[in-house]
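Participant: Take this sequence and fold it.
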Amino acid sequence: MANLYRDTGVVLRVQKLGEADRIITFLTQRHGKLRAVAKGVRKTTSKFGARLEPFCHVDVQFHPGRSLDIITQVQTLDAFGVGIVNDYQRYTAACAIVETADRLTAEEGEPVLRLYMLVAGALRALSAAERDPSLLLDAFLMRAMAFAGWAPAVNECAKCGNPGPHRAFSVQAGGSCCPNCRPAGSASPSQDTLTLLSALLHGQWGVVDEIPHIARRDASGLVAAHLQWHLERQLRSLPLVERKAKAEDGTLG
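Facilitator: All right, here's what the predicted structure looks like:
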């Protein structure tokens, strides 16, 4: 079967097809977003088992079909879902990550290696419970927006490029704005919030860990607003994300 091909990918979404099949949406290393049919996967005797569930990182073999390719083999590389699905905060953050990746790759077959690596890295960190899921989600969203060319300006004015920091922030304008360019109705985030946004974008976790929790909540709001402004519609999973973290006094905030 000379037409067979393989790729590694993360399962973004599954949809029922007929009585026993599913359509699986992958974000793959070489072929970008792919949708393919898993025959008989909903049967208890399926050879695929639980390897084609959301958040799984797999090596997959495909056979080209007329409208959708057919999955013929699957090998698990990382079962990220094991460390995610039983924790609501991690699960909702992971759902927001894969939905964002799905939205950012509208064209199937277009290579998106950087986004694939971002998704796999974010799910790996969530599964390992390395950090607060909210911070991991916001870091992913900031980098995903940079991949799409939408990263908010943080250290300079979004309109004129004047070096900051600037205390005004406008989603419609593209981020931080200087006093001369500040649109009416701009937000006024704290310097801690702006520092956090920059640190999340650049992976400066030592800086992130020093930022007060109130700034983390404010930063999450700006990240979500900025992303959804550019997507032009709300992510279904984002309102479900549980934003909680231990405050400095040990309580939940």
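
Participant: going forward, measure contacts between C-alpha atoms and count neighbours the same way
Facilitator: Will do.

Participant: most residues in a single helix of this protein, which one?
Facilitator: helix 213-231 (DSSP state H).

Participant: Dump that helix to CSV, restricted to CA.
Facilitator: Extracted in CSV, the C-alpha atoms of helix 213-231 (Å, rounded to 0.1, in the frame of the first residue of the first chain):
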residue,chain,number,x,y,z
HIS,A,213,-1.7,36.8,42.4
ILE,A,214,-4.0,39.8,41.7
ALA,A,215,-1.9,40.7,38.7
ARG,A,216,-2.3,37.1,37.4
ARG,A,217,-6.1,37.5,37.4
ASP,A,218,-5.8,40.8,35.6
ALA,A,219,-3.4,39.3,33.0
SER,A,220,-5.7,36.4,32.4
GLY,A,221,-8.5,38.7,31.6
LEU,A,222,-6.4,40.7,29.1
VAL,A,223,-5.1,37.6,27.4
ALA,A,224,-8.6,36.2,27.0
ALA,A,225,-10.0,39.4,25.7
HIS,A,226,-7.1,39.9,23.2
LEU,A,227,-7.4,36.4,21.8
GLN,A,228,-11.2,36.5,21.4
TRP,A,229,-11.0,39.9,19.7
HIS,A,230,-8.8,38.4,17.0
LEU,A,231,-10.7,35.2,16.7
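
Participant: Show me the contact partners of that helix.
Facilitator: With contact meaning Cα atoms under 8 Å, 6 or more residues apart in numbering, helix 213-231 is reached by 103, 134-135, 138, 141-142, 145, 150, 152, 171-172, 174, 189-190, 192-194, 196-197, 234-235, 238, 243, 245, 247, 253.

Participant: what about the residue nearest the centre of the chain, which SS state?
Facilitator: For the chain, Ile97 is the residue whose C-alpha lies nearest the centre (Cα atoms, centre = their mean; 2.6 Å). State at Ile97, reduced to three classes by DSSP: H, G, I helix; E, B strand; the rest coil: helix.

Participant: Please name the residues that touch it.
Facilitator: Counting by Cα under 8 Å, 6+ apart, Ile97 has contacts Val119, Ala122, Leu137, Phe140, Leu141.

Participant: Make TSV from these and add neighbour count and distance to Arg216 to it.
Facilitator: Listed next are the contacts of Ile97 as TSV, based on neighbours: other Cα atoms under 10 Å; distance: Cα to Cα, whole Å:
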residue	neighbour count	distance to Arg216
Val119	24	21
Ala122	22	18
Leu137	25	12
Phe140	25	14
Leu141	27	14
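
Participant: Mind checking which of the residues you listed land in helices?
Facilitator: Per DSSP H, the subset of those in helices is Val119, Ala122, Leu137, Phe140, Leu141.

Participant: quick check, nearest of those to Leu17?
Facilitator: Of all the ones in helices among the contacts of Ile97, Leu17 sits closest to Val119, with 25.8 Å by Cα to Cα.

Participant: Pretty sure that closest one sits against Ala101.
Facilitator: Yes: assessed by Cα atoms under 8 Å, Val119 is found in contact with Ala101 at 7.3 Å.

Participant: Between the contacts of Ile97, which sits nearest Gly203?
Facilitator: Once Cα to Cα is applied, the member of those that ends up nearest Gly203 is Phe140, at 9.7 Å.

Participant: So what touches the longest strand anywhere in the chain?
Facilitator: In the chain, taking DSSP state E as the definition, the longest strand is strand 5-17. Residues from elsewhere that reach strand 5-17 (Cα under 8 Å, 6+ apart): 22-31, 52-63, 98-99, 101-102, 116, 119-120.

Participant: State the mean pLDDT of that strand.
Facilitator: Across strand 5-17, the average pLDDT comes to 95.

Participant: strand partners of that strand, parallel vs antiparallel please.
Facilitator: Here strand 5-17 has these sheet partners by DSSP bridges: strand 21-28 (antiparallel), strand 56-63 (antiparallel).
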